[in-house]
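J.: pasting the sequence and the predicted coordinates here, then a few questions.
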Amino acid sequence: SLGAVTAVRAALRRPENFEGAVGLSGPLTDHPLAPATGAEPPPARFFLSASHEEAAAILDNGIDQLDATRRTGADLASRGHTVECAYGEGGHTYAAWEAMLPRALSWALGAGAEN
């Protein structure tokens with residue numbers, strides 16, 4: 001969850017080191033995702049996910065985890081990044097993240113990219 005925030009922020013703030021990130025169940029709308037320099041970094045790939053059960057998780061800004069994932073994905077896409085948002089089952093748990101990880105890594109490494 002907070003690892004997702006860290007991964008996405010690192011990719012936006014250090015594009016020379018990261019070409020994208022995987023964010024599983026991150027409360028992304030609760031944290032500023034702006035690039036460090038103020039200028040948008042080169043396009044990157046972001047895989048964002050949440051589980052359907054996380055609709056019950058209300059974040060600081062009053063929206064649920066699913067909506068936060070959708071909004072963050074739309075924001076990143078509007079800024080030129082390639083984004084995949086996926087929704088699974090299992091709640092805010094290690095088991096849910098473990099189940100989503102193979103799909104996330106496959107996509108992030110390019111296997112899920114459309115050519």
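T.: Looks like it came in fine. Residues are numbered from 1 along each chain as shown.

J.: distance between the ends of stretch 29-47?
T.: Across stretch 29-47, the straight-line distance between its terminal residues is 15 Å, by C-alpha to C-alpha, to the nearest Å.

J.: next one: that stretch to chain centre, how far?
T.: Taking the mean C-alpha point of stretch 29-47 and that of its whole chain, the gap between them comes to 11 Å (C-alpha atoms, centre = their mean, to the nearest Å).

J.: again with stretch 6-20
T.: 12 Å.

J.: buried stuff in it?
T.: Buried positions in stretch 6-20, judged by neighbour count with 16 or more other C-beta atoms under 10 Å: 7-9, 11-12, 15, 18, 20. Backbone N, C-alpha and C define where each C-beta goes, glycine included.

J.: and the helices in this protein, which stretches?
T.: Ranges of helices within the chain are 2-13, 65-78, 94-108, based on DSSP state H.

J.: still on that earlier bit, adding distance to Ala96 and pLDDT, write the buried residues of stretch 6-20 out as JSON lines.
T.: Shown next, in JSON lines, are those (distance: C-beta to C-beta, whole Å; pLDDT from 0 to 100):
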{"residue": "Ala7", "distance to Ala96": "17", "pLDDT": "93"}
{"residue": "Val8", "distance to Ala96": "18", "pLDDT": "92"}
{"residue": "Arg9", "distance to Ala96": "22", "pLDDT": "90"}
{"residue": "Ala11", "distance to Ala96": "22", "pLDDT": "91"}
{"residue": "Leu12", "distance to Ala96": "25", "pLDDT": "90"}
{"residue": "Pro15", "distance to Ala96": "29", "pLDDT": "87"}
{"residue": "Phe18", "distance to Ala96": "24", "pLDDT": "91"}
{"residue": "Gly20", "distance to Ala96": "21", "pLDDT": "89"}
